[in-house]
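Novice: My questions concern the predicted model and sequence given below.
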2 protein chains.
Amino acid sequence: MSSLDKKLIYDKMKSLYSFMEYFSPKQEELFIEGMFSRQFTPGSVLMEDGFSCNNIFFILDGSIRISRISEEGREVVLYRIHRGDFCLMTAYSIMTDTDFPAIAQVEEQTEVIALPAKVFKQILQENPQLQSFIFASSLNRLKDVIGVLENITFTGIKQRLAKFLIMLANERSSDKLKITHEQIALEIGSSREVISRTLKNLEEEGAVQLSRGRIQILSLESLKKIILL
Amino acid sequence: MSSLDKKLIYDKMKSLYSFMEYFSPKQEELFIEGMFSRQFTPGSVLMEDGFSCNNIFFILDGSIRISRISEEGREVVLYRIHRGDFCLMTAYSIMTDTDFPAIAQVEEQTEVIALPAKVFKQILQENPQLQSFIFASSLNRLKDVIGVLENITFTGIKQRLAKFLIMLANERSSDKLKITHEQIALEIGSSREVISRTLKNLEEEGAVQLSRGRIQILSLESLKKIILL
């Protein structure tokens, strides 16, 4: 990366990460000198259980899914990070020198800016705005995980599924959803079998129509009613 | 609280909170001047959904349970804080000016040291050791919540129950456990009905014997086998 490229990216980052406005000239220099860019394609793994990590990642573009995977291979999505976030898990591993057995998987074409841990720590120590940002990030991730936990504990599977389908239809502005039962199970913390059975049940009620790898929503109203049950 | 009392408590805190060793004389003075002590009896609520909070709490003694409660009144325990911890939720509410709808309930006689948010923020800004402590705390709480989530997602109810009974028996060094089905449901994220049914099932298998408000473990071996299923 040329120093001009670096300066351009640095300026782009400044608009995403407001704490960078408070960098001293010295800190800016350290950051620019240490930073490097990495591109990841969908499906690639940025970090996983036991990975050793010497850099902190800032997400410039794309989407990364942070999950935990059980010994039997079941996955539960903890949260996602996007443009303007940073990867708390890598910061955690580095700063506490412990293993954080999570997996960070790239979902869309993703560009991250990596900063060597040493540089990050040095700036962190001197910059209260960066500290606030890190603190806020960790609390937001805590909130995310509590949300997932609540969703799983407090909501029945049928309600969770209905909620998820509505959310997905909104997100994609379509009532024809291309998604496998496996993927849904992963998203809402259940098993493929349970999802298939519950979808079948929704089909019998006339709320959806199932075909291979696709779910068509027939009645948004029915789904909404289920959520209110 | 006399200034002698304050100085004594401050010294006691120093042995619990290592970041206080790095306080400047000015910070020490600010802390001592601002701090005050609060005692809570078991069952009392320290903070709940929508509570307004102007102080940060450090736990000097006792145990506080942090939970979320669903609209239908179901509770899920997120984590517990003890001597040497601080209450992240209050810090969160204060620092982000948002509601964190959790409930903090005192389980044992508890002594906390409260520090006005203003003082806390001022010291936080100047003291990297306090920042590290806060960061580590929030990550540890995140780990706790992920643990609860995993436990709920990855483990079947029977395994969870067996695990919990073994843990409790170890903790209390007794195989006669005084605990209600309601309390167990709360601890492992289930409903009273499901717990009663699963316990009945364990009784039929000869692993436990049930009586009112009490569970006697008959075969630790059987319980351990269930976990390995």
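Specialist: Yep, it's here. Model, not experiment: these values are computed from the prediction. Numbering: from 1, shown residues only, chains lettered A, B, ... in the order given.
Novice: and A:L8, how many neighbours does it have?
Specialist: A count of neighbours around A:L8, defined by other C-beta atoms under 10 Å in any protein chain shown, yields 12. No exception for glycine: its C-beta is placed from N, CA and C like everyone else's.
Novice: Show me which parts of the strand or helix carrying it are buried, residue by residue.
Specialist: Under the criterion DSSP states H and E, the helix or strand holding A:L8 is helix A:3-16. Residues of helix A:3-16 classed as buried by neighbour count (16 or more other C-beta atoms under 10 Å in any protein chain shown): A:K6, A:I9, A:Y10, A:M13.
Novice: didn't the second one look like it was pressed against A:L60?
Specialist: This means A:I9. Yes - judged on C-beta atoms under 8 Å, A:I9 makes contact with A:L60 at a distance of 7.4 Å.
Novice: and the helix holding A:L8, C-alpha only, in PDB?
Specialist: Output of helix A:3-16 as PDB, limited to C-alpha atoms (Å, rounded to 0.1, in the frame of the first residue of the first chain):
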ATOM      1  CA  SER A   3       1.600   6.200   1.400                       C
ATOM      2  CA  LEU A   4      -0.900   8.000  -0.800                       C
ATOM      3  CA  ASP A   5      -3.300   5.000  -0.700                       C
ATOM      4  CA  LYS A   6      -2.800   4.900   3.100                       C
ATOM      5  CA  LYS A   7      -3.600   8.600   3.400                       C
ATOM      6  CA  LEU A   8      -6.800   8.200   1.300                       C
ATOM      7  CA  ILE A   9      -8.000   5.200   3.400                       C
ATOM      8  CA  TYR A  10      -7.100   7.100   6.600                       C
ATOM      9  CA  ASP A  11      -9.400   9.900   5.500                       C
ATOM     10  CA  LYS A  12     -12.100   7.500   4.600                       C
ATOM     11  CA  MET A  13     -11.800   5.900   8.000                       C
ATOM     12  CA  LYS A  14     -12.000   9.300   9.700                       C
ATOM     13  CA  SER A  15     -15.600   9.700   8.500                       C
ATOM     14  CA  LEU A  16     -16.500   6.200   9.900                       C
END
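Novice: Report the angle between the next helix or strand after that helix and helix A:3-16.
Specialist: Using DSSP H and E, the helix or strand that directly follows helix A:3-16 along the chain is helix A:25-34. Here helix A:25-34 runs at an angle of 120 degrees relative to helix A:3-16 (axes from the mean of the first three to the mean of the last three C-alpha atoms, to 10 degrees).
Novice: can you tell if helix A:25-34 touches chain B?
Specialist: No - shown here: helix A:25-34 not in contact with chain B (C-beta under 8 Å from any C-beta of the partner chain), separated by at least 14.6 Å.
Novice: From the chain's centroid, how far away is the helix holding A:L8?
Specialist: Taking C-alpha atoms, centre = their mean, to the nearest Å, one finds helix A:3-16 lying 23 Å from the centre of the chain it belongs to.
Novice: Which neighbouring elements make contact with that helix?
Specialist: Using 3 or more C-beta pairs under 8 Å, 6 or more residues apart in numbering or on different chains; DSSP states H and E as the contact criterion, the neighbours of helix A:3-16 among helices and strands are helix A:25-34, strand A:55-61.
Novice: if you set the cut-off to 7 Å instead, what comes out?
Specialist: Contact here means 3 or more C-beta pairs under 7 Å, 6 or more residues apart in numbering or on different chains; DSSP states H and E; on that basis helix A:3-16 packs against helix A:25-34.
Novice: who touches A:T98 in this structure?
Specialist: A:T98 makes no contacts at all, as judged by C-beta atoms under 7 Å, 6 or more residues apart in numbering or on different chains.
Novice: next SSE after the worst-scoring helix or strand of chain A on mean pLDDT?
Specialist: Taking mean pLDDT, DSSP states H and E as the measure, helix A:88-96 is the helix or strand of chain A with the lowest mean score, a mean of 82. Per DSSP H and E, helix A:88-96 leads on to strand A:103-106 as the next helix or strand towards the C-terminus.
Novice: Pairing partners for that following strand, with directions?
Specialist: Neighbouring strands of strand A:103-106 in its sheet, by DSSP bridges, are strand A:45-47 (antiparallel), strand A:63-69 (antiparallel).
Novice: Please convert the ones you listed to TSV, extending it with distance to A:N55.
Specialist: Putting the strands paired with strand A:103-106 into TSV (distance: least, C-beta to C-beta, whole Å) gives the following:
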stretch	distance to A:N55
strand A:45-47	10
strand A:63-69	14
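Novice: near chain B, which residues of chain A?
Specialist: Where proximity means C-beta under 7 Å from any C-beta of the partner chain, the interface of chain A facing chain B comprises A:68, A:70, A:74, A:76, A:78, A:92, A:95-96, A:125, A:128, A:131, A:134-136, A:138-139, A:141-142, A:145-146, A:148-150, A:152-154, A:189.
Novice: and those residues, which are buried?
Specialist: For the residues of chain A next to chain B, a burial check counting by 16+ other C-beta under 10 Å picks out A:68, A:74, A:76, A:78, A:92, A:95, A:128, A:131, A:134-135, A:138-139, A:141-142, A:145-146, A:148-150, A:152-154, A:189.
Novice: Show me these that map onto strands.
Specialist: A:R68, A:V76, A:L78 (DSSP state E).
Novice: quick one: which of those is nearest chain B?
Specialist: The nearest member of these to chain B, counting by C-beta to the nearest C-beta, is A:V76 at 4.7 Å.
Novice: so the closest one sits right up against A:R68, yeah?
Specialist: Yes - with contacts defined as C-beta atoms under 7 Å, A:V76 counts as touching A:R68 at a distance of 5.5 Å.
Novice: Name the residues contacting each of the two.
Specialist: Counting by C-beta under 7 Å, 6+ apart, the residues touching both A:V76 and A:R68 are B:E150.
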